[in-house]
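[1] Curious how this folds, go ahead:
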Amino acid sequence: MVGVATSYANPDTDGVAGCVALVGLAGSLGFPGTLSVVLDGAINGETKELFSFAGVALPPTTPPETYDGIALVDTHHPRQLPAWVRPVQVRAVIDHHPGGDPAAFPNAHIDNQAVGAACTLIAERYVASGAALQVPVAVLLQGGILSNTLEFVAPSTTGRDRAAINRLDVLTGCGDELAALLRAARARFVEGPTEAIIAADIKTFDHRGLQLGLSQLEAPGASTIARRSDFWPAYHRVRSTRGLDVLVVNLADLAASASVLAVSDPAWQARLAKRHGISFDAGVGWTGEVFLRKTHLVPMLIGEGL
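    Got it, this is the predicted structure:
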């Protein structure tokens, strides 16, 4: 069987690192032949820094010509998938997100657990299977976990994520250096163009007949983006370009241990205010903690009938 591991379009560090690490577990996932990695969309700067540090080449982003089965990492929501992915060909899913659609993948074994990172689940599989884990791949798994748990301050962080990092660090010995590298990459991204920041990580949902986009940035100083003079013009350009009826931007400021939510739609401001007690002023509201899409916003959609 010729298999392909992939993640959602414009994947984050956890998704990319997890896909590459999954290759070493191909047989246990039901891929007795080859398992290659093919991604879709843009690869962010943090992920590029991680792969350079680990000495591993980034996977291609050109759609595969032929394959018999697909392994999905860090997603099982049909709206987030690359255009070339056919759900009936998905054989395995490793994810940690709420709001997916297991019924859309009738031929897949779905492993969706409440941990901070998909890379945690993959690291655990290496331990359980006894498969050989090469140091560069271990570094990628560490990076995916550190990134997705925001160095363990994300509300979705669990003891399993910490345990996985500790086991991996025995092999790599570079946890502190890697955390500093990823932190610096996030800080550089905050200095970039406003429109690029808003557009970099958007997941879309069909919600009550509307196209809803949830944009997210997690970095020290992220909240300052909302104070830029070009924030709202950039916001509306992104919303229009993506064909969205509603766009919610979550700027998770790791230095302030809080998030800024920005949304132009008054109905969504009221909805967020009611659910999370946020007061909006000119479309912008502060939270009392770091908000994340998967722990605060997507569960809200599920409760409203996503």
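[2] what about Tyr235, is that helix, strand or coil?
    In the three-state summary, Tyr235 is assigned as helix, counting by DSSP: H, G, I helix; E, B strand; the rest coil.
[3] surely it meets Val249?
    Yes. The pair Tyr235 and Val249 qualifies as a contact (Cβ atoms under 8 Å) at a distance of 6.6 Å. C-beta: built from backbone N, CA, C; applies to glycine.
[4] Identify the contacts common to these two.
    Residues touching both Tyr235 and Val249 (Cβ atoms under 8 Å, 6 or more residues apart in numbering) are 198, 262.
[5] higher neighbour count, these two?
    A direct count of neighbours by other Cβ atoms under 10 Å for Tyr235 and Val249 places Val249 higher, at 28 against 23.
[6] Which strands border the host helix or strand of the more buried one, and is each parallel or antiparallel?
    Per DSSP states H and E: Val249 is located in strand 246-253. When pairs are called by DSSP bridges, strand 246-253 turns out to pair with strand 210-219 (parallel), strand 258-262 (antiparallel).
[7] Any idea which helix or strand in this protein has the lowest mean pLDDT?
    helix 298-303 (a mean of 76; mean pLDDT, DSSP states H and E).
[8] give the contact list for the nearest residue to Ser279 once chain neighbours are set aside.
    Residue nearest to Ser279 in three dimensions, not counting chain neighbours: Gly285, with 5.8 Å by Cβ to Cβ, 6 or more residues apart in numbering. Neighbour list for Gly285: 260-262, 269, 272-273, 278-279 [criterion: Cβ under 8 Å, 6+ apart].
[9] Can you select the buried ones from these in PyMOL?
    Entered in PyMOL, the line below selects the buried ones among these, by 16 or more other Cβ atoms under 10 Å:
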select buried, resi 260+261+262+269+272+278
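[10] thinking again about what came up before, quick one: closest of the strands paired with strand 246-253 to Val38.
    Set against Val38 and scored by Cβ to Cβ, the strands paired with strand 246-253 come closest in strand 210-219, at 24.0 Å.
[11] Centre of the chain to the closest one, how far?
    Relative to its chain's centre, strand 210-219 lies at 11 Å (Cα atoms, centre = their mean, to the nearest Å).
[12] And for stretch 187-196?
    On the basis of Cα atoms, centre = their mean, stretch 187-196 is displaced by 18 Å from the centre of the chain it belongs to.
[13] Give me the buried positions along it.
    Neighbour-count burial for stretch 187-196 [16+ other Cβ under 10 Å]: 189-190, 194-195.
[14] Please put the alpha-carbon coordinates of it into CSV.
    Output of stretch 187-196 as CSV, limited to C-alpha atoms (Å, rounded to 0.1, in the frame of the first residue of the first chain):
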residue,chain,number,x,y,z
ALA,A,187,8.6,36.8,18.4
ARG,A,188,9.9,37.5,14.9
PHE,A,189,6.6,36.6,13.3
VAL,A,190,4.8,39.3,15.4
GLU,A,191,7.0,41.9,13.7
GLY,A,192,5.7,40.9,10.3
PRO,A,193,2.9,42.5,8.1
THR,A,194,-0.5,42.7,9.8
GLU,A,195,-2.4,41.0,7.0
ALA,A,196,0.1,38.1,6.8
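[15] re the thing from before, out of the buried residues of stretch 187-196, flag the one nearest to Pro59.
    Nearest to Pro59 among those: Phe189, at 20.7 Å, using Cβ to Cβ.
[16] Contact partners for the residue nearest to that closest one when sequence neighbours are not counted?
    Among residues not flanking Phe189 along the chain, Gly45 sits closest, at 5.6 Å (Cβ to Cβ, 6+ apart). Counting by Cβ under 8 Å, 6+ apart, Gly45 touches 185, 188-189.
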